[in-house]
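1. Test case, fold it:
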Amino acid sequence: MSEKTKNMKFGLLLPHFGAYASRTRLLDGARLAEALDFDSLWVRDHLVFEPHAEMEAANTTFYEALTTLSVLGAVTDRITLGTGSLIPFRHPLHTALSLGTMSKLLGNRFIIGYGAGTFDHEFEAIGMGGIWRPELVESNANIFKRVFRENNVSYKDDHYEFNNVNLNPKPDGDIPFWYCGATPASARLAVKYADGWMPGRTTLKTIEKRVEKMTEMSAEAGRTVPTVGVIPPTSIGKTHEAAWANLNIDGLLRWANERGKWWVKPESGVFETAEDIQGSLIAGSPEEVIEEVEKFAESGVEHLVFDVRLSFDRWFEQIELLGDHVLPALRQ
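-> So this is what the prediction gives:
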């Protein structure tokens with residue numbers, strides 16, 4: 001394997017949503033992932049969850065993100081706990097107090113990814129409709145930096161205002177703040193004020209273009225390039241056929257054409273084949289998954305989180321195939 005894959009971090013998106021969300025899958029899966037030397041466990045975030053029809057069954061179960069991480073942190077010792085991504089429907093002071101508490105109780109092993117969110121209805125439900133949400137993400141980042149390090153903090157922007165606030169406990173050290181999103185703006189904002197950049201579903205060509213721009217902007221700003229992460233949908237099987245069984249490729253292509261307007265498109269301007277959306281799906285035998293991960297490494301990805309929601313019905317098998325066969329090969 002290449003030096004790049006040796007230095008990569010590897011995580012798992014947890015089954016804390018949908019039909020297969022359960023205490024057993026979460027707790028036993030977290031323990032198993034740590035035992036098999038995964039680097040991280042990740043959650044999504046929603047307030048009013050509406051499943052994506054092309055990837056998820058029509059089940060609205062959704063275990064709250066920070067609560068889930070807190071529970072799993074209590075049954076593990078060292079694995080990093082990440083959000084990919086929180087959306088800013090919580091007041092940042094409330095979130096900051098939660099994160100400080102989690103850091104003290106579980107150890108400072110968190111990555112906090114934030115995104116602007118996709119769905120207006122989640123914000124309309126709590127009276128926050130119509131707000132330009134990327135500004136809320138930046139507000140959260142700015143407030144966290146202050147209240148995690150200082151006392152008697154006073155702050156004011158277009159969305160939040162408070163005076164002489166002390167939040168304790170404070171985290172034991174900095175908590176990395178990552179900007180999550182696949183748009184050109186998300187990469188620019190990551191360079192502006194974040195420690196990392198993490199798109200969800202996107203293509204390798206899109207990642208390469210964003211990394212090129214972030215590298216250029218970081219050099220101009222005299223700062224380190226943000227860590228590059230990604231959460232690609234993944235299905236691994238003992239054979240190629242087992243991994244690809246029941247995958248809704250037509251649904252993924254339809255989603256790409258409807259919502260992937262910021263992705264780098266093929267010459268035709270339309271996503272028509274699995275090759276056109278390469279990078280937005282990892283599927284195959286362990287050997288094939290290893291080959292795909294190599295491509296992510298060459299594109300500049302440093303932290304890859306396997307999103308196995310397509311196969312949550314085979315959750316433990318997915319962990320074992322990745323942990324027993326893929327990770328050791330990539331780290332050789």
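2. Pass me the low-pLDDT residue ranges in the stretch 51-200 of the chain, would you?
-> Low-confidence segments of the stretch 51-200 of the chain (pLDDT under 70): 53-54.
3. As PDB, could you dump the C-alpha coordinates of stretch 101-121?
-> In PDB, the C-alpha atoms belonging to stretch 101-121 read as follows (Å, rounded to 0.1, in the frame of the first residue of the first chain):
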ATOM      1  CA  THR A 101     -19.100  18.000  29.600                       C
ATOM      2  CA  MET A 102     -18.400  15.200  27.200                       C
ATOM      3  CA  SER A 103     -14.700  16.000  27.000                       C
ATOM      4  CA  LYS A 104     -14.400  15.900  30.800                       C
ATOM      5  CA  LEU A 105     -16.300  12.600  31.200                       C
ATOM      6  CA  LEU A 106     -15.100  10.700  28.100                       C
ATOM      7  CA  GLY A 107     -11.700  12.200  27.300                       C
ATOM      8  CA  ASN A 108     -11.000  14.800  24.700                       C
ATOM      9  CA  ARG A 109     -11.400  12.600  21.600                       C
ATOM     10  CA  PHE A 110     -13.900  14.500  19.500                       C
ATOM     11  CA  ILE A 111     -14.100  16.000  16.000                       C
ATOM     12  CA  ILE A 112     -17.000  18.400  15.600                       C
ATOM     13  CA  GLY A 113     -18.100  18.600  12.000                       C
ATOM     14  CA  TYR A 114     -20.800  21.300  11.200                       C
ATOM     15  CA  GLY A 115     -22.900  21.800   8.200                       C
ATOM     16  CA  ALA A 116     -25.600  24.200   7.100                       C
ATOM     17  CA  GLY A 117     -28.200  21.500   6.700                       C
ATOM     18  CA  THR A 118     -30.200  20.600   3.600                       C
ATOM     19  CA  PHE A 119     -33.800  20.900   4.700                       C
ATOM     20  CA  ASP A 120     -35.700  24.100   5.500                       C
ATOM     21  CA  HIS A 121     -38.500  22.300   7.400                       C
END
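4. That stretch: which residues count as buried?
-> Residues of stretch 101-121 classed as buried by neighbour count (16 or more other CB atoms under 10 Å): 101-103, 106, 109-117. Where you see a C-beta, it was placed from the backbone N, CA and C, and this is true even at glycine.
5. Columns distance to Val43 on top of those residues, output as a markdown table?
-> Listed next are the buried residues of stretch 101-121 as a markdown table, based on distance: CB to CB, whole Å:
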| residue | distance to Val43 |
| --- | --- |
| Thr101 | 17 |
| Met102 | 12 |
| Ser103 | 16 |
| Leu106 | 14 |
| Arg109 | 14 |
| Phe110 | 11 |
| Ile111 | 11 |
| Ile112 | 11 |
| Gly113 | 10 |
| Tyr114 | 13 |
| Gly115 | 13 |
| Ala116 | 17 |
| Gly117 | 15 |
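6. Quick check: end-to-end length of stretch 314-328?
-> Separation of the first and last residues of stretch 314-328 by CA to CA, to the nearest Å is 21 Å.
7. rewinding a little: would you point out the most distant pair within the buried residues of stretch 101-121?
-> The span of the buried residues of stretch 101-121, defined through CB to CB, is set by Leu106 and Ala116 at 27.2 Å.
8. Now do the same contact list for Leu321.
-> Counting by CB atoms under 8 Å, 6 or more residues apart in numbering, Leu321 touches 236-238, 286.
9. and Thr67, what does it touch?
-> Thr67 neighbours (CB under 8 Å, 6+ apart): none.
10. how close does it sit to Gly29?
-> Using CB to CB, to the nearest Å, Thr67 is found at 16 Å from Gly29.
11. Can you tell me which of the contacts of Leu321 is closest to Leu13?
-> Lowest distance from Leu13 to the contacts of Leu321 (CB to CB) belongs to Ile236, with 13.4 Å.
12. Helix or strand: which one has the nearest residue to that closest one once chain neighbours are set aside?
-> Nearest residue to Ile236, sequence neighbours excluded (CB to CB, 6 or more residues apart in numbering): Leu321, at 4.8 Å. Here Leu321, judged by DSSP states H and E, is contained in helix 315-321.
13. just the strands in the stretch 1-150 of the chain please.
-> Applying DSSP state E, counting those that start in this stretch to the stretch 1-150 of the chain gives strands spanning 9-13, 40-43, 80-86, 110-114.
14. Can you check which of these gets nearest to Asp158?
-> strand 110-114 (17.3 Å).
15. Rebuild the strands of the stretch 1-150 of the chain as TSV, extending it with distance to Ser2.
-> Below are the strands of the stretch 1-150 of the chain laid out as TSV (distance: least, CB to CB, whole Å):
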stretch	distance to Ser2
strand 9-13	15
strand 40-43	21
strand 80-86	23
strand 110-114	24
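16. Between those, which one is closest to Tyr193.
-> Comparing the strands of the stretch 1-150 of the chain against Tyr193 with CB to CB, the closest turns out to be strand 110-114 (10.6 Å).
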